[in-house]
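Engineer: This is a predicted model, with the sequence first.
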Amino acid sequence: MKKRALHSLSSILVIIGAAAACGSEQPSAGTGGSAAAPGSAGGAGSLGLVPGSQVAAGSGAPAANITAGAAGSVPLGSGVPPAAAGSGSTPVTAGTAAPIPTGASDLPCQVSTALAANCQKCHGTTPTFGAPIPLMRHADFMKPSAKDPTTTVAQLALKRINDTASPMPPGGTMVAADRTTLSSWLTAGAKPATAAEAACVPTSGNDSPRTPVVHDEAYFRNGLTPKAGETCYELPVHAAQTPGDKTPYTVRTGEHYEQFYVKIPWGPDTLMTRFGSKFDNLKVVHHWLLFTTNRPLSADGTHETTIGSTAGDGSELLAGWAVGGDHVEFPEDTGLEVPASGILNAQWHYFNQGTAPEKDASLIQICTVPRAMRKNIASLTFLGTENFNGPLGMPAKTMSDFGGTCTNNSGAPITIYGFTPHMHKLGRHMKAQVMRAGTGQLETVFDKPFDFNSQITYILDDLITLQPGDTIISTCTFLNHTDAPVPFGPSTEQEMCYNFTMSYPARKLDNGTLSLIGATNVCW
């Protein structure tokens, strides 16, 4: 079988379900992260997006061949390993920034490496994205814990990285080698590095999806610089309920979703080529999603607090960012189709762990070109499944496979050029297989481990062509280490199985199915 080469697009679209991925206890049922049904009241839940920034190494645990909504389960302990125009937006000119190496000079080298891979995306020198404290230097671990001043941060860290109920990083995605390194160091008293221990350069070993660099603040604050032929638009958060307002938005304490509505600023025959962010207050932003919407109250320039669901709004997801993500750029010959008119919903997830409100003037950047400048006109389609044994959910204390099928019913070839797998904290692996019409030949085209904290977009060097009648099967592998079944839902305490697929011609892969979360660009 021909091996398909993949490379990362430095983080791209979607994740639906990334509430409080950094820094805090994860919400449990009945709290702000409760298992509220899409579109219902009673839960801040999470309807977020966590793109990643690099190709995962290793192969993870392979998923089984299944049909739509079916599950194959392996009980824990069985010996099987886990696997233009418009208001509120303006063209932008931005700066650039180079990545800086990870690690901390007074910590042992392997400790620094493990922290860089698992913790420092949020717990950096200046904590960001809702994290309450830095974890960069020895002194950071010697401070009293804010939750229990009788214990040190080091003592709490030892507990949290080994806590199966509420682990850090969320979802318990730290690989065994890193957990052993940190546990041994913390148990031995979390001593500072000797000169020899600190002298080496931290590297990314083992087979975990990990981010090899940590961007400095300039990367996040400067955003995108328009390229030749591009027009880039800025969609800011703001305080007033008026078009064009740019006064900073007041972020209350705790976490919540705020949706900012803006008239589409570009004209007809426009394609998106890149998207990114220009952040103001890195302490309080967690993720953003950009949707189309026909919500009745979504007037240009207004904003409202929501539970994070777009069900019933006729929404199509266009772009997004969350912790672990970078700016996104499409291939040079391809652009993403965007609507020519209407209203956009810029949905922000805020997480302010301070004791007082904070101001924020962050903004989304969307770069576009005229349609004639790109050969291939692409769109995004939801593949996967929302059926985890119906209301019963995936079984407790079990590794399970769930997935769905999508058939090319367009009558013409469809080219797939990228995947963004998305699950929540229990997700471990994603596989995509193509079954050829008439022959039944099954070809594995994608087979990668999944990490909730580094959700990655993969761009294929060898494109996949679905001929008419061909079927693509997307299979998610979950490790439910909890004592209860877990159903589908928007909360991080529930689960999702989406394989966001980029393809052209635009919308030809969509089959008219309506997602439970309200998305219209679906095929299963």
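Structural biologist: That came in fine, so what should we check first?
Engineer: which stretches of the stretch 301-450 of the chain form strands?
Structural biologist: 303-306, 317-322, 328-329, 334-337, 343-352, 358-360, 363-370, 376-385, 398-407, 414-422, 427-435, 442-449 (DSSP state E, counting those that start in this stretch).
Engineer: how about JSON lines for those, with mean pLDDT added?
Structural biologist: Below are the strands of the stretch 301-450 of the chain laid out as JSON lines (pLDDT from 0 to 100):
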{"stretch": "strand 303-306", "mean pLDDT": "94"}
{"stretch": "strand 317-322", "mean pLDDT": "82"}
{"stretch": "strand 328-329", "mean pLDDT": "84"}
{"stretch": "strand 334-337", "mean pLDDT": "95"}
{"stretch": "strand 343-352", "mean pLDDT": "92"}
{"stretch": "strand 358-360", "mean pLDDT": "97"}
{"stretch": "strand 363-370", "mean pLDDT": "98"}
{"stretch": "strand 376-385", "mean pLDDT": "95"}
{"stretch": "strand 398-407", "mean pLDDT": "97"}
{"stretch": "strand 414-422", "mean pLDDT": "91"}
{"stretch": "strand 427-435", "mean pLDDT": "95"}
{"stretch": "strand 442-449", "mean pLDDT": "94"}
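Engineer: tell me the most buried of these?
Structural biologist: Sort the strands of the stretch 301-450 of the chain by mean neighbour count, taking mean count of other C-beta atoms under 10 Å, and strand 317-322 sits at the top with a mean of 27. To be clear about C-beta, it is placed using only N, CA and C from the backbone, and glycine gets the same treatment.
Engineer: I'd like to know which elements that strand is packed against.
Structural biologist: If contacts are counted by 3 or more C-beta pairs under 8 Å, 6 or more residues apart in numbering; DSSP states H and E, strand 317-322 sits against strand 270-278, strand 285-293, strand 363-370.
Engineer: will you turn the ones you listed into TSV that also has distance to Leu380?
Structural biologist: Conversion of the helices and strands packed on strand 317-322 to TSV gives the following (distance: least, C-beta to C-beta, whole Å):
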stretch	distance to Leu380
strand 270-278	10
strand 285-293	12
strand 363-370	14
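Engineer: low-confidence ranges in this protein?
Structural biologist: 1-105, 129-130, 165-166, 170-173, 198-216, 322-325, 453-454 (pLDDT under 70).
Engineer: and the longest helix for it?
Structural biologist: Once the chain is assigned using DSSP state H, the helix that runs over the most residues is helix 176-187.
Engineer: Show me which parts of that helix are buried, residue by residue.
Structural biologist: Residues of helix 176-187 classed as buried: 178-179, 181-182, 185-186 (neighbour count, 16 or more other C-beta atoms under 10 Å).
Engineer: Between those, which sits nearest Lys431?
Structural biologist: Each of the buried residues of helix 176-187 was checked against Lys431 using C-beta to C-beta; the closest is Asp178, at 24.5 Å.
Engineer: you'd agree that closest one is up against Cys119?
Structural biologist: No - taking C-beta atoms under 8 Å as the contact criterion, Asp178 and Cys119 are not neighbours in contact, 9.7 Å apart.
Engineer: what about the helices in the chain?
Structural biologist: For the chain, the helices identified by DSSP H occupy 109-118, 138-142, 153-161, 176-187, 195-199, 217-222, in order along the chain.
Engineer: Go through the ones you listed and pick out the most buried.
Structural biologist: Per stretch, and counting mean count of other C-beta under 10 Å, the top mean among these goes to helix 109-118, which has a mean of 25.
Engineer: Taking helix 176-187 as reference, get the angle to it.
Structural biologist: Here helix 109-118 points in a direction 120 degrees away from that of helix 176-187 (axes from the mean of the first three to the mean of the last three C-alpha atoms, to 10 degrees).
Engineer: Remind me what helix 109-118 packs against, helices and strands.
Structural biologist: For helix 109-118, the elements it packs on are helix 176-187, helix 195-199, judged by 3+ C-beta pairs under 8 Å, 6+ apart.
Engineer: Which one of the buried residues of helix 176-187 is nearest to Ala146?
Structural biologist: The shortest separation between Ala146 and any of those is 17.7 Å, and it belongs to Leu186 (by C-beta to C-beta).
Engineer: excluding its backbone neighbours, what's nearest that closest one?
Structural biologist: Sequence neighbours aside, Leu158 is the residue nearest to Leu186 in space, at 4.0 Å (criterion: C-beta to C-beta, 6 or more residues apart in numbering).
Engineer: residues in contact with that neighbour?
Structural biologist: Residues touching Leu158, when contacts are defined by C-beta atoms under 8 Å, 6 or more residues apart in numbering, comprise 182-183, 186-187.
Engineer: could I get those as JSON lines with distance to Ser145?
Structural biologist: Rendered in JSON lines, the data for the contacts of Leu158 read as follows (distance: C-beta to C-beta, whole Å):
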{"residue": "Leu182", "distance to Ser145": "16"}
{"residue": "Ser183", "distance to Ser145": "17"}
{"residue": "Leu186", "distance to Ser145": "13"}
{"residue": "Thr187", "distance to Ser145": "17"}
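Engineer: wait, isn't Pro134 in contact with Cys122?
Structural biologist: No - applying C-beta under 8 Å, one finds Pro134 not in contact with Cys122, separated by 9.6 Å.
Engineer: quick revisit: relative to Gly403, which of the helices and strands packed on strand 317-322 is closest?
Structural biologist: Nearest of the helices and strands packed on strand 317-322 to Gly403, taken as C-beta to C-beta: strand 285-293 at 23.8 Å.
Engineer: partner strands of that closest one, parallel or antiparallel?
Structural biologist: strand 317-322 (antiparallel), strand 343-352 (antiparallel) (DSSP bridges).
Engineer: Ala356: neighbour count?
Structural biologist: Counted with other C-beta atoms under 10 Å, the neighbours of Ala356 add up to 7.
Engineer: So for Asn387, which of the helices and strands packed on strand 317-322 sits nearest?
Structural biologist: Ranked by C-beta to C-beta, the member of the helices and strands packed on strand 317-322 that lies closest to Asn387 is strand 285-293, at 23.2 Å.
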